[in-house]
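Q: The sequence and its predicted three-dimensional model are supplied below.
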Amino acid sequence: MGWDIILLNRFHDIIPGSAIGPVYDQTDREYEVILKSGAETALHLAEDLGDRICGQGKDTGREKPGDRKVIVINTQGYEREDTVTVSGVARGETAFACDCLGHRFPVQYTGEDTLIFHAKGIPSCGCAVYSLMGAEDSGRSGPAAEHSGYAAEHSGYAAECPGPWSGFFENDWYRAEFNDKMELVSLVEKGTGGQLLKEGRVGNQLLTFEDRPMNWDNWDVDMYYQRKPYHAELVTAPVLKEWGPVRTVVSISHRFAGSLVEQDIVFYPNLPRIDFVTRLTGETIMFC
């Protein structure tokens, strides 16, 4: 799998960019081979696992020929629940996901051929199988249809919902409040009632800093860089990009000189988590 090459290429001159050009020509070729080999191995193992599981599955009476099976694999050492993304599914083709016990989970379309759903109880170092069902199958889903916490009319929800953002999100675990820059001004943990932010401080604050090392560009990050923070020159208004039973996504952009920072803040009604997905294009910037 090339682990020896990966470890070799973690040599300190390679990581910060201070090695000579021919070194990177070689590592680029090596990484290309390693990535290709790893992808082929992962695909082979996934196909083999799929054949073993779906090929030996028993007829429960809930599936029909043509139902699409999704195998969710948990490589961690603890039971998990999380959002599953499935591509190659035409919009409107699937109304809900159904587990082996007949529990229904609403799906949310995030693109023309991509959907997501919330998966629960994925065993540690194991997997679970879900069936993607159409609206005509709503009567065949078995008991506990309310398992997902959402009514059937939410199934197959189209996620796109451009519009204004209220600045608040709340689920069973927390209550979050943001300002017009999508900086987190309040985060209350419902279980304890505790405020997780220090008074006068904000979360998700994006700043740039002037970094002028005394000697070496790659090696020195001097403490005095903190004396010169810079706020964004332009911040767009937050936009409610997605809304549905699986997740809510708010998008915002920050302009720093020649660089653009685009961010999606992702909220989940069924998870005690907020994801901050940040993309940077342009010049190199240090954030804090």
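A: Yep, it's here. Residues are numbered from 1 along each chain as shown.
Q: I figured T83 hits V246, correct?
A: Yes - at 6.2 Å, T83 and V246 qualify as touching, with contact defined as CB atoms under 8 Å. C-betas here are computed from N, CA, C, even on glycine.
Q: Between these two, which contacts overlap?
A: Residues touching both T83 and V246 by CB atoms under 8 Å, 6 or more residues apart in numbering: I116, F117, H118, Y268.
Q: what's the following helix or strand after the helix or strand of the chain with the lowest mean pLDDT?
A: Using mean pLDDT, DSSP states H and E, strand 157-158 stands out as the lowest-scoring helix or strand of the chain, at a mean of 52. Remark: after strand 157-158, the chain's next helix or strand is strand 168-170, criterion DSSP states H and E.
Q: now for that next one, which elements pack on it?
A: For strand 168-170, the elements it packs on are strand 174-178, judged by 3 or more CB pairs under 8 Å, 6 or more residues apart in numbering; DSSP states H and E.
Q: Check the offset of the strand it packs on from the chain's centre.
A: Relative to its parent chain, strand 174-178 has a centroid offset of 19 Å by CA atoms, centre = their mean, to the nearest Å.
Q: returning to that earlier point: which of the shared contacts of T83 and V246 fall within strands?
A: Within those, residues falling in strands by DSSP state E are I116, F117, H118.
Q: which of the residues you listed lies closest to A95?
A: Proximity of these to A95 (CB to CB) peaks at F117, which lies at 10.7 Å.
Q: quick one: contacts for the residue nearest to D211 when sequence neighbours are not counted?
A: Leaving aside its chain neighbours, D211 sits nearest to Y225 (4.8 Å; criterion: CB to CB, 6 or more residues apart in numbering). Neighbouring residues of Y225 by CB under 8 Å, 6+ apart: F209, E210, D211, R212, M286.
Q: Could you pull up the residues touching V89?
A: Counting by CB under 8 Å, 6+ apart, V89 has contacts R68, D113, T114, L115, L132.
Q: at 6 Å instead, please
A: L115 (CB atoms under 6 Å, 6 or more residues apart in numbering).
Q: Touching, V188 and A176? I think so.
A: No - contact criterion CB atoms under 6 Å: V188 and A176 do not qualify, at 7.9 Å.
Q: T83 and V246: who's more crowded?
A: V246 (27 against 17; other CB atoms under 10 Å).
Q: one step back: mind putting the ones in strands among the shared contacts of T83 and V246 into CSV with pLDDT and distance to Q263?
A: Below are these laid out as CSV (pLDDT from 0 to 100; distance: CB to CB, whole Å):
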residue, pLDDT, distance to Q263
I116, 96, 19
F117, 97, 24
H118, 96, 23
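Q: one step back: shouldn't the residue nearest to D211 be within a helix?
A: Yes - counting by DSSP: H, G, I helix; E, B strand; the rest coil, one finds Y225 located in a helix.
Q: So it versus G2, what's the distance?
A: 37 Å (CB to CB, to the nearest Å).
Q: same check, this time on A42
A: 13 Å.
Q: Neighbour count: these two, which is higher?
A: Neighbour totals were compared for A42 and G2, and G2 leads with 15 against 10 (other CB under 10 Å).
Q: The more buried one contacts I34, doesn't it?
A: Yes - in this structure G2 lies within contact range of I34 using CB under 6 Å: 3.8 Å.
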